[in-house]
Structure formats: C-alpha cells, structure tokens
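Participant: fold the following for me, if possible:
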Amino acid sequence: MSTTHGTKAVVAHEIDRLFDCRVALGQQHAGMTEPDKFLILVVDDDAAVGWALEQALRTSSYDVVLAADAAAAQRVLKRQPIDLMITDIRMPGLSGLDLLGIVKATYPDLPVIVSTAHGTMETAIAAIGQGAFDYLPKPLDLERTLDVVRRALGDNPLAASAVPGASDQDQTVLGSSPVMQQVYRRIAAAATTDLGVLLTGPSGSGKELVARSLHRHGARRAAPFIAVTCGAIPETQIEYELFGDERTMRVGCMESAHGGTLFLNEVTELPLATQVALLRFLDHQTVTRIHGTEAISVSVRVIAATHRDLPKLISSGAFREDLAYRLKAVTIHLPPLCERLDDLPVLTRSFLARMARRLSRQVAITDDAMDVLHRHAWPGNVRELKHVIEEAAVLAAGGVIGREHLAITGDSSADPSPTALRAAVGALANRLLRSHPGEVHQRAIDTLEEILFRAALGQTEGNQLRAAELLGINRITLKKRMDYFGIAKP
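Facilitator: This is a model prediction of the structure:
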C-alpha cells in the first residue's frame, strides 16, 4: 500500500471512530442535535473533502455526521434518523453506488446525492438510475452543492427508475469538463423517461452518439434504434422513407423502429408537408403508408437533432412551432469542442486507442503535436478531431504522431488562447490533486518545465547552449534538468 493510501486509511479509521463516539454521546445526551435542523450524513474517505463539506453545511445551519466508508455509513443509518446522505463513489470496501443501492432498498425515501472525482456519463446514469437525487462532479462547487442539498430536502425529492451500467468506450460520450458534466446530468435524467428529446449543438459535436446513449440506457434498449438523416434524403422521397409505401409493401423507418427509438438527425431539414405528417404521428402514434388507408399503431420514442438556430427557423416560417414544442420535451445542448478543450486529452487518447486497434500497432502522440491540437479552433468539433487523429495515425509510420503528421497547423509564434491555456492547466491541476496529494506543486512545476525544455530544444534543433539562452537559464542547469527528465541528447 502506498504511503498516501496508508495515511488515508488511518485517517478514515480515526474519523470512523470519532463519529461513532459522537453518535453514542448523542444518544446519551438528548438535545445535542437541534430538533428543527436537518441531519446530513457525509460519506467520503477523503478527510479534507469531508471536513470542507461539514463546514459548508454547518454554516448553512445543517447538522452533519461524517462516515469514512460505506460500512460506517450503514452503522450511522441504523443508529439515528438521517434526512440526507451525500456519498463519494470510489471508497475502500463497498463503493458509493453499492451503498446507494443498499440505502434505496432499506430507506427508499432517503434522498442521496452522489459525488465523484471520476465523473463520466456512465457514472451519472448509474447514479441517477439507482435513485440518486443528483450527481455532483469533484472538485465540488460548494455553492452548487448547497443548492442541490436545499432542493433534495424539499417536499418532492426526485426518484428515477433503473438503467444499465457502462458500455464500450467507442460508443460512450467522453469528457469530464464542467460543461460536459451538465450534459451528463441531462442525459441521465432523460434516459429514465420515454419523453422526446431534442439535441442541439454544432455539427460534429456528437449528437448521434448521445442519441444512441439515450436509447442504450433507456427502457427500449432491447428494441431497434433507427437513425434517419433528414437532410440527406430528397424531398420527394422523405415521406416514403419515414412512412413506407403500401403499393410496394415497403416498411418505413417509423414501423421499423416499433418498440424502440427513431432518431431524426437534421430534423429541421424536413419539408413543411412532412412536418405536418410527423406532428400527426407524434400525436396519435399511428402510421399510414403512402398509397395506403390502414392506420398502423406504432410505439416509438423520437429523438431529434439539429445544428441550426431553431427559434430563427420558427420565426421565418421554415419550421412549425407546434412541432418544435412536441419534439423538445427535454432539450440537451452539446457544446462545441472549443468550449471544452480540457476534454481534448481524453478524446485524443480514445481516438488513438481506436486507431491502434485498427492498425494493429501502437500509436502515440508527441507533446509538440498535442500543443498544435490545443491551439486549433476546431470548427468541425469532435468529428474534425477524430478525422485529424485518424489521418495522422496512418501517416505516422513509426507509430508516433508528430506535428508534421497533422492536417492542421498551430502558430507556435502566437500565444495560446486563454481558454486553451486555462483548460490545459486546470486539467493538469485536477489530475494531480486527485492522484498526488502533497506533491501537486512540484509535479506541476516539473510538468511545465519539461514541456518548456523540450520545446526550446526542439526549436534550436537540440543545441543546448541556444536552448538555455532562450529559456534564460545557464547550460549547466539545463543539462541537469535534461538528465532529471530523461531528455536524451540529440
């Protein structure tokens, strides 16, 4: 066991012992907890997180009891009534999701808020699906946490039905940026319903991937998922494609999707006449084939998507307002890649892994090439990134993608955008805070310093004297740091 994990285990045990003593004293001395105060159980093996939450909650006039793991939390629940539980997911012993399942089976009316430093869409769906009131990514925003606590302690806590667990990463929406965490929460909430969903966002942002995730985690997952790209079908053929043709006994997409999900991509490209027919279908869930007279009952969930400005289309008369309202019972907006650049590393790793499988060889990327990716504006969003990585992986015969293999170019003479720089540094900070407590400052300095040294040596083609001059340090210092970082001489 590492020193860090050993220390955390000791701290967790001590917290467990202390709150057990507190509970015992509370039973002996009635009145320690004010009767008009809500009592909140915080379950987290990280003592610092538990302490911070306790202070914030007590400042907001809540009573708090701490537990270091799931077993300790269960003991607390048996000893005294709890009004709300906030639990981490990754803990020694039973996970927070395991604890959530136990609590919901034993105390079904107890609202539970789940938090984790390893936030993914799958985690959010699993938490909401098992009945969590809400899902909060770490590091916790205390103001938002208090807002969720206030809502959870209201009269009607949200309860959601069950959904399945994680799936293959190639079919999973990736990213842990704050803006994507908001997307995950909406996906998790929508997946547990049968309501229509409208996906908005620029082309290439992953709308079909989200639609497939909603289907895969919904009650209709065993039935077909049928995707139709409305803008790719001629106007004269679109109704045949959707509704079928009685003369030729052609089955339309709506019938094919019976019991499952129909995904209408680029729904705003539908002609007005087809919009009327689609609205009628949504109202009655019946299909009448072209040249037919029989109304066929069909049960489908419709998920629609558009990259266009829907209000503008409605105001111009190009899209029916009543159809828009019918489609967007739930709206999920996907941000452009330029607004979530801190997700660039995980997306890049995913595409690299996919190409490594397809090419049957290892594929890596240099820091210099990653710098180019961070400087790019990404007008084509995630789809453009996927194409750039795939092409570069093929061109990099040696298995290492460099700047020269990328179809995009970064202006190395220009400063990186504040958004890109803050996103990169923020992602590094969050990763180090989670994985290397007590070493964060030194590791951050080492990481940035190594990037600087490699960039300087690359610009001077390995000339150490010139590189030292560029960096403003002496050559001996540069040589020592090169040895420390394992930077080979050219």
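
Participant: show me what contacts the residue nearest to residue 219 when sequence neighbours are not counted?
Facilitator: Nearest non-adjacent residue to residue 219, counting by C-beta to C-beta, 6 or more residues apart in numbering: residue 194, 6.6 Å away. Where you see a C-beta, it was placed from the backbone N, CA and C, and this is true even at glycine. Residues in contact with residue 194 (C-beta atoms under 8 Å, 6 or more residues apart in numbering) are 218, 219, 220, 301.

Participant: give me the number of residues near residue 45?
Facilitator: Applying other C-beta atoms under 10 Å, we find 24 residues neighbouring residue 45.

Participant: tell me which of the contacts of residue 194 fall in strands.
Facilitator: residue 301 (DSSP state E).

Participant: of the contacts of residue 194, just say which sits nearest to residue 123.
Facilitator: residue 218 (17.2 Å; C-beta to C-beta).

Participant: how close does that closest one get to residue 301?
Facilitator: In this view, residue 218 and residue 301 are 7 Å apart by C-beta to C-beta, to the nearest Å.

Participant: equivalent analysis for residue 360, please.
Facilitator: In this view, residue 360 and residue 301 are 39 Å apart by C-beta to C-beta.

Participant: of these two, give the one with the bigger neighbour count.
Facilitator: In this view residue 360 and residue 301 are compared by other C-beta under 10 Å, and residue 301 has more residues nearby, 22 against 6.

Participant: skipping adjacent residues, who's closest to the more buried one in space?
Facilitator: Excluding its sequence neighbours, the residue lying closest to residue 301 (C-beta to C-beta, 6+ apart) is residue 261, at 4.8 Å.

Participant: for the one you found, what are its contacts?
Facilitator: Under the criterion of C-beta under 8 Å, 6+ apart, the neighbours of residue 261 are 211, 214-215, 218, 220, 223-226, 300-303.

Participant: what pLDDT does it get?
Facilitator: According to the per-residue confidence, residue 261 scores 95 in pLDDT.

Participant: could you list the low-confidence segments of the stretch 301-450 of the chain?
Facilitator: 397-398, 410-427, 430-431, 434 (pLDDT under 70).

Participant: for it, what spans make up the helices?
Facilitator: Using DSSP state H, counting those that start in this stretch, the helices found in the stretch 301-450 of the chain span residues 310-316, 321-327, 344-359, 367-375, 381-395, 418-435, 440-459.

Participant: nearest to residue 479, out of these?
Facilitator: Residue 479 sits nearest to helix 440-459 of all the helices of the stretch 301-450 of the chain, at 10.5 Å, using C-beta to C-beta.

Participant: how about the nearest residue to the residue lying farthest from the centre of the chain, chain neighbours excluded?
Facilitator: Farthest-out residue of the chain from its mean C-alpha position, per C-alpha atoms, centre = their mean: residue 247, at 46.7 Å. Nearest non-adjacent residue to residue 247, counting by C-beta to C-beta, 6+ apart: residue 291, 4.8 Å away.

Participant: and that neighbour, how many neighbours does it have?
Facilitator: Neighbourhood size, residue 291 [other C-beta under 10 Å]: 11.

Participant: same thing with residue 319?
Facilitator: A count of neighbours around residue 319, defined by other C-beta under 10 Å, yields 22.

Participant: so it touches residue 268, yeah?
Facilitator: Yes - with contact defined as C-beta atoms under 8 Å, residue 319 and residue 268 form a contacting pair (5.5 Å).

Participant: any residues in contact with both of these two?
Facilitator: In terms of C-beta under 8 Å, 6+ apart, residue 319 and residue 268 are both contacted by the residues 310, 313.

Participant: if we can go back for a sec, quick check: pLDDT value at the residue nearest to residue 247.
Facilitator: pLDDT recorded at residue 291 is 92.

Participant: contact partners for it?
Facilitator: Neighbouring residues of residue 291 by C-beta under 8 Å, 6+ apart: 245, 246, 247.

Participant: that one and residue 282: what is the separation?
Facilitator: Residue 291 sits 22 Å away from residue 282, going by C-beta to C-beta.

Participant: please apply the same query to residue 223.
Facilitator: According to C-beta to C-beta, residue 223 stands 18 Å off from residue 282.

Participant: one more: residue 456?
Facilitator: According to C-beta to C-beta, residue 456 stands 61 Å off from residue 282.

Participant: go on, residue 48?
Facilitator: 51 Å.

Participant: what do you get for residue 314?
Facilitator: Counting by C-beta to C-beta, the gap from residue 314 to residue 282 is 17 Å.

Participant: can you check residue 147 too?
Facilitator: 34 Å.

Participant: so for these two, which sits in the more crowded spot?
Facilitator: Between residue 147 and residue 282, counted using other C-beta under 10 Å, the more crowded position is residue 282 (15 against 12).

Participant: what are the phi and psi angles of residue 225?
Facilitator: phi -110, psi 110 (degrees, to the nearest 10).

Participant: all set now, cheers.
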